[in-house]
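Q: For reference, the sequence and a predicted model appear below.
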Amino acid sequence: MNRLTPLAPKFSLGQIVATPAALNVLEESGQTPAFFLEQHVTGNWGIVGQEDSASNDEALADGSRILSAYKTLNGKKLWIITEADRSVTTLLLPEDY
């Protein structure tokens, strides 16, 4: 039998928080924070540009901030930011920033 092996987390998320707007967008799309957090913590940075993707890869080594961006099934953009000290990860909309 061929099973998919889950990817290992590449960094700590710390405390996970979300803005009310981000939670509303997720509820409207029928998606959970866990889906996007799994992408983020395993190094799938989503729809960020090449420069931000390279910065995230460097952040794995130097401990700086990590920013991922995704689109929900409804086409709404969702950001996930893990702070440099890895104490907190926030799900938010770009306009919440």
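A: Good, I have the coordinates. Residues are numbered from 1 along each chain as shown.
Q: going forward, measure contacts between C-alpha atoms and count neighbours the same way
A: Will do.
Q: low pLDDT regions in the protein?
A: Scanning the chain for pLDDT under 70 picks out the ranges 1-5.
Q: ok, now with 50
A: 1 (pLDDT under 50).
Q: can you give me the helices in it?
A: For the chain, the helices defined by DSSP state H cover 20-29, 33-41, 50-62.
Q: how much space between the residue nearest to residue 16 when sequence neighbours are not counted and residue 74?
A: Computed as C-alpha to C-alpha, 6 or more residues apart in numbering, the closest residue to residue 16 that is not its neighbour in sequence is residue 89, at 4.9 Å. Distance, residue 89 to residue 74, by C-alpha to C-alpha, to the nearest Å: 23 Å.
Q: ok, back up a step: so which of the helices of the chain comes closest to residue 80?
A: Evaluated over the helices of the chain, closeness to residue 80 peaks at helix 33-41, with 7.3 Å, by C-alpha to C-alpha.
Q: Residues contacting that closest one, please?
A: For helix 33-41, the surrounding residues in contact (C-alpha atoms under 8 Å, 6 or more residues apart in numbering) are 9, 10, 11, 12, 13, 26, 45, 46, 68, 70, 80, 91.
Q: That one relative to helix 20-29, how many degrees between them?
A: Per axes from the mean of the first three to the mean of the last three C-alpha atoms, to 10 degrees, the angle that helix 33-41 makes with helix 20-29 is 110 degrees.
Q: Pull the distance from helix 33-41 to the chain's centre.
A: What separates the centre of helix 33-41 from the centre of its chain is 6 Å, taken as C-alpha atoms, centre = their mean, to the nearest Å.
Q: ditto for stretch 6-22
A: 6 Å.
Q: Relative to the whole chain's centre, how far out is stretch 59-67?
A: 13 Å.
Q: That one: end-to-end distance?
A: 10 Å.
Q: mind giving me CSV with the contacts of helix 33-41 and columns for neighbour count?
A: Output for those, formatted as CSV (neighbours: other C-alpha atoms under 10 Å):
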residue, neighbour count
9, 13
10, 11
11, 17
12, 13
13, 19
26, 19
45, 23
46, 18
68, 25
70, 19
80, 27
91, 24
